[in-house]
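*Asks:* task: produce atomic coordinates for the following.
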Amino acid sequence: MDIAIIGFGKMGKIYDSLLNGKYIVDVNPVMNRIYFSNVDEFIDYRQPVDLVIVSTPIQNHYEIVKKLLMNDYNVLCEKPLCFSSNEAKILENLAQKRKLILYQSTLERYNRIVQFLKRNIKTHEIKKIKSYRFGLKPQRDYSINPKFDLGIHDIDLWFYLFERKIPWQVNVEYGKPRREIFVYLKNGNLIKLDLLNKMFTFNKTSIMDFSKTHQNNPILDMVFDLLFNRMAMNEKWSDEIKALEEASDSIINLQPI
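*Replies:* Okay, the predicted model is just below:
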């Protein structure tokens with residue numbers, strides 16, 4: 001399996017440590033690797049790969065992904081795919097027309113606690129959901145609204161778990177890391193998912209500790225699904241980004257459709 005990684009910062013290095021990228025594209029030289037200083041150099045090299053991973057700053061996603069799709073590369077892009085739902089639609093249409101993978105990194109889908117919730121709690125049992133997603137501010141030389149950087153995770157889960165049929169309030173901000181989801185059931189019970197500490201709590205007493213069980217690697221699971229199962233080759237990421245565009249900066253109120 002041949003992988004190219006564009007953007008060799010924190011996430012690029014994580015992808016590389018797991019997937020051993022054959023080609024690296026970054027503004028800074030990478031020693032002892034097949035290296036390119038920009039995406040145009042990589043494309044001009046004309047070497048086939050199974051997947052190109054884009055882990056550059058978000059404002060560069062659209063132009064880079066568009067060039068890759070135009071040159072028939074399958075693409076996995078860090079979240080969110082881009083800042084504009086209209087631009088996301090262009091990329092989706094391009095991928096669909098060329099029968100290529102276009103996937104936005106959705107690692108929370110592969111979280112063991114999220115999978116447990118999906119298997120055991122049905123949509124019709126849920127009254128509402130409230131979540132808190134706080135994270136450290138990225139050390140970058142440009143500003144980014146945390147609703148794009150962090151809120152996209154919970155919006156994606158809203159689509160993935162419940163097909164947008166449940167009211168969900170997402171509280172998002174930079175600060176001390178916190179990743180908690182509260183699921184309020186119609187029968188009065190409450191489920192808490194602590195994604196950071198891998199704890200599943202029912203009515204504040206019954207606890208399942210997923211931190212003590214064997215943990216899957218969400219990146220490997222995601223890439224396996226893309227390349228071997230061809231799962232969700234071209235989802236409507238533009239709908240998720242549109243929800244971000246319409247949200248306030250710190251509270252995202254997702255209403256059922």
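*Asks:* next, Val39: phi, psi?
*Replies:* With angles defined as degrees, to the nearest 10, Val39 sits at phi -70, psi -30.
*Asks:* what residues of the helix or strand encompassing Phe134 count as buried?
*Replies:* Using DSSP states H and E, Phe134 sits within strand 126-135. Neighbour-count burial for strand 126-135 flags 126, 129, 131, 133-135 (criterion: 16 or more other CB atoms under 10 Å). Every residue, glycine included, has its C-beta placed from N, CA and C.
*Asks:* what's the answer for stretch 240-248, then?
*Replies:* Buried residues in stretch 240-248 (16+ other CB under 10 Å): 240-244, 247.
*Asks:* mind checking how far Val30 is from Ser17?
*Replies:* 13 Å (CB to CB, to the nearest Å).
*Asks:* can you pull out the strands in the stretch 101-250 of the chain?
*Replies:* All strands of the stretch 101-250 of the chain, identified by DSSP state E, counting those that start in this stretch, fall at 102-104, 126-135, 168-174, 178-185, 190-194, 199-202, 206-209.
*Asks:* per-residue pLDDT, Ala232?
*Replies:* pLDDT recorded at Ala232 is 55.
*Asks:* give me the below-cutoff pLDDT ranges for this structure.
*Replies:* Residue ranges of the chain with pLDDT under 70: 140-143, 214, 230-234.
*Asks:* going along the chain, name the helices of it.
*Replies:* For the chain, the helices defined by DSSP state H cover 10-19, 39-45, 61-70, 85-98, 112-120, 146-149, 151-162, 218-224, 237-246.
*Asks:* any idea which of these is most buried?
*Replies:* Highest mean neighbour count among those (mean count of other CB atoms under 10 Å): helix 151-162, with a mean of 23.
*Asks:* other SSEs contacting that one?
*Replies:* Under the contact definition 3 or more CB pairs under 8 Å, 6 or more residues apart in numbering; DSSP states H and E, helix 151-162 sits against helix 112-120, strand 126-135, strand 168-174, helix 237-246, strand 251-254.
*Asks:* select, out of the ones you listed, the one closest to Lys13.
*Replies:* When the helices and strands packed on helix 151-162 are compared by CB to CB, strand 126-135 sits nearest Lys13, at 18.3 Å.
*Asks:* and for the closest one, what's in contact with it?
*Replies:* Strand 126-135 has contacts (CB atoms under 8 Å, 6 or more residues apart in numbering) with 146, 149-151, 153-154, 158, 162, 166-186.
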